[in-house]
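Peer 1: no FASTA, just this:
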């Protein structure tokens, strides 16, 4: 009988302990893979999303809250900005364009944002990428042109089963139970998928925001009187210099705006890393738990091998009598240990991607970010050989015991 057939037969003979060891290792590896994949994809999605906007002009308050509201349609804006101040910022030498927006409305759980119509033509949700309504890209219809028209993001349209000419009444607020406006708006366009949180928002004309029924006279007046008009914020485009870098004058602009009492300038690429500083400890705890589970699984493998060795002393002694050398017996135990660890690591990779696949739809519903179960985390390139090596180490002591096993002493049948 060949060496590898002996290994296979031994694993099959002790299928219960082998299976438990494999499952234990697979669970630990699956947690490591899932946590690493979700962490890396979260970091990539959040940092990538900010690249489409050079700066956000927002009210005084938390910069992180402003970015989450403006780019991810989460949270709420901490205040308003005077329209006149926004117009003053647009006159800066390094500001090339601005797109004003007003938030605070919703429909069936999706945010309804009032925005300048140039958002659909001039705004870059990613560098060089503009929104599309073309059917070949997955879109439908056109941008809004009149007061009672609206546009839906692809995910919002799919979740709410919206079609062109569907109508809705926006809710004045983003919480359940908030009052609903009597105004009936009609969808004239559905954006092509972008893979960003903009897919899960609904857009209406900025002028419509001020004239919705139920708003007070002061808000109604903002539609015609720019001196009293207010907005939630604005996406700003900053002048570029050689190599496509943002003009260094943005630092002076940010300082001047932040010194005022009316607004602040938020640079997403500076704010988003703070989010990971806040939640970074959660990643470390989850990674620690996954590593602990994997370590316990390898410890279980060690105990299982030691226990199996006691049961197989006579079998190993018989192998020695049939001509097997000490090295062969030593290698037999090591290979069994490595094979169990390798099988557990392989199944763990598969289970880890299954966990990510199961979580992707829930994450997308809550944040609008796209996660892929096929994403390969950096740790996956090392995890299989690392676990196999640890499996060899777990089987080292039992292998040494098998190497030192006395033949004559262990030939007697085990009672």
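Peer 2: Yep, that arrived. Being a predicted model, the structure only gives us computed values, none of them experimental.

Peer 1: Report how many residues lie close to residue 284.
Peer 2: Neighbour count for residue 284, taken as other CB atoms under 10 Å: 11. C-beta: built from backbone N, CA, C; applies to glycine.

Peer 1: again, but for residue 34
Peer 2: 24.

Peer 1: quick one, phi psi at it?
Peer 2: With angles defined as degrees, to the nearest 10, residue 34 sits at phi -60, psi -50.

Peer 1: Report the contact partners of the closest residue to it other than its chain neighbours.
Peer 2: Nearest residue to residue 34, sequence neighbours excluded (CB to CB, 6 or more residues apart in numbering): residue 355, at 4.1 Å. Residues near residue 355 by CB atoms under 8 Å, 6 or more residues apart in numbering: 30, 31, 33, 34.

Peer 1: So which residues of the stretch 51-200 of the chain form strands?
Peer 2: Using DSSP state E, counting those that start in this stretch, the strands of the stretch 51-200 of the chain run over residues 55-58, 81-82, 95-107, 110-115, 140-141, 149-152, 167-168, 185-190.

Peer 1: separation between residue 200 and residue 109?
Peer 2: Applying CB to CB, to the nearest Å, the value for residue 200 to residue 109 is 9 Å.

Peer 1: the more surrounded of these two?
Peer 2: Counted by other CB under 10 Å, residue 200 and residue 109 do not tie: residue 200 has more neighbours, with 25 against 13.

Peer 1: how about stretch 153-165: buried residues?
Peer 2: Buried residues in stretch 153-165, counted by 16 or more other CB atoms under 10 Å: 153, 154, 155, 156, 157, 159, 160, 162.

Peer 1: So for residue 130, what's the pLDDT?
Peer 2: pLDDT for residue 130: 91.

Peer 1: measure the nearest residue to it once chain neighbours are set aside to residue 237 for me?
Peer 2: Leaving aside its chain neighbours, residue 130 sits nearest to residue 124 (6.2 Å; criterion: CB to CB, 6+ apart). Applying CB to CB, the value for residue 124 to residue 237 is 8 Å.

Peer 1: quick one, which of these two is more surrounded?
Peer 2: Taking neighbours as other CB under 10 Å, residue 124 and residue 237 compare with residue 237 leading, 18 against 15.

Peer 1: ok so that one is a helix residue?
Peer 2: No: counting by DSSP: H, G, I helix; E, B strand; the rest coil, residue 237 is not found in a helix; it is strand.

Peer 1: residues touching the nearest residue to it once chain neighbours are set aside, list them.
Peer 2: On the basis of CB to CB, 6+ apart, the spatially nearest residue to residue 237 that is not a chain neighbour turns out to be residue 97, at 4.1 Å. With contact taken as CB under 8 Å, 6+ apart, residue 97 is in contact with 90, 122, 236, 237.

Peer 1: Any of these buried? List them.
Peer 2: The neighbour-count test (16+ other CB under 10 Å) marks 236, 237 as buried among the contacts of residue 97.
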